[in-house]
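Visitor: coordinates only, sequence not included:
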């Protein structure tokens, strides 16, 4: 394979870089999309306050945008991704206390593992 064919193969979904990109894309869209959906739904039902719902929605959008269009934020894309994940974590903790009066540790461990997985795959692709 010559160099040009190899570059196209890697950029458009072949090779390790392509696989990591697609795995990241699937996980980020599912996680970000479900978070946006939950934020809108809970906000619509007035279960959470405006700031918390807004943080969930913005966090989900930042995750999706930074995963789909990697260069949209330039060299700061990883920081935007982490900001989105942190917004979701802080909002989820706040929502847990507001809705149930306690912190669901298992729920946040799963969120943390998903967040670490997204960051690792982002760095590998």
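Guide: Yep, that arrived. Since this is a predicted model, take the numbers as computed values, not measurements.
Visitor: ok, the residue nearest to residue 86 when sequence neighbours are not counted - contacts?
Guide: Distance criterion CB to CB, 6 or more residues apart in numbering; nearest residue to residue 86, sequence neighbours excluded, is residue 59 at 7.5 Å. Every residue, glycine included, has its C-beta placed from N, CA and C. Contacts for residue 59 (CB atoms under 8 Å, 6 or more residues apart in numbering) come out as 32, 35, 83, 84, 85, 86, 87, 88, 91.
Visitor: what number of residues lie near the fourth one?
Guide: If I follow you right, that is residue 84. Close neighbours of residue 84, defined as other CB atoms under 10 Å, add up to 27.
Visitor: Give me the residues contacting the helix or strand containing it.
Guide: In this structure, residue 84 sits in helix 77-100 according to DSSP states H and E. Here helix 77-100 makes contact (CB under 8 Å, 6+ apart) with 32, 35, 39, 42, 47-49, 52-53, 55-56, 58-63, 65-67, 70-71, 73, 102-104, 107-108, 111-112, 115, 118-119, 122-123.
Visitor: List only buried entries from those.
Guide: Among these, those buried by neighbour count (16 or more other CB atoms under 10 Å) are 32, 35, 39, 42, 48, 52-53, 55-56, 58-63, 65-67, 70, 73, 111, 115, 118, 122.
Visitor: Pick out the residue closest to the middle of the protein.
Guide: residue 63 (3.5 Å; CA atoms, centre = their mean).
Visitor: I'd guessed that residue sits against residue 28; true?
Guide: Yes. Look at residue 63 against residue 28 with CB atoms under 8 Å: they come within range, at 5.2 Å.
Visitor: Please enumerate the shared neighbours of these two.
Guide: residue 118.
Visitor: Please list all residues in contact with residue 54.
Guide: 39, 43.
Visitor: Distance of residue 93 relative to residue 77?
Guide: According to CB to CB, to the nearest Å, residue 93 stands 25 Å off from residue 77.
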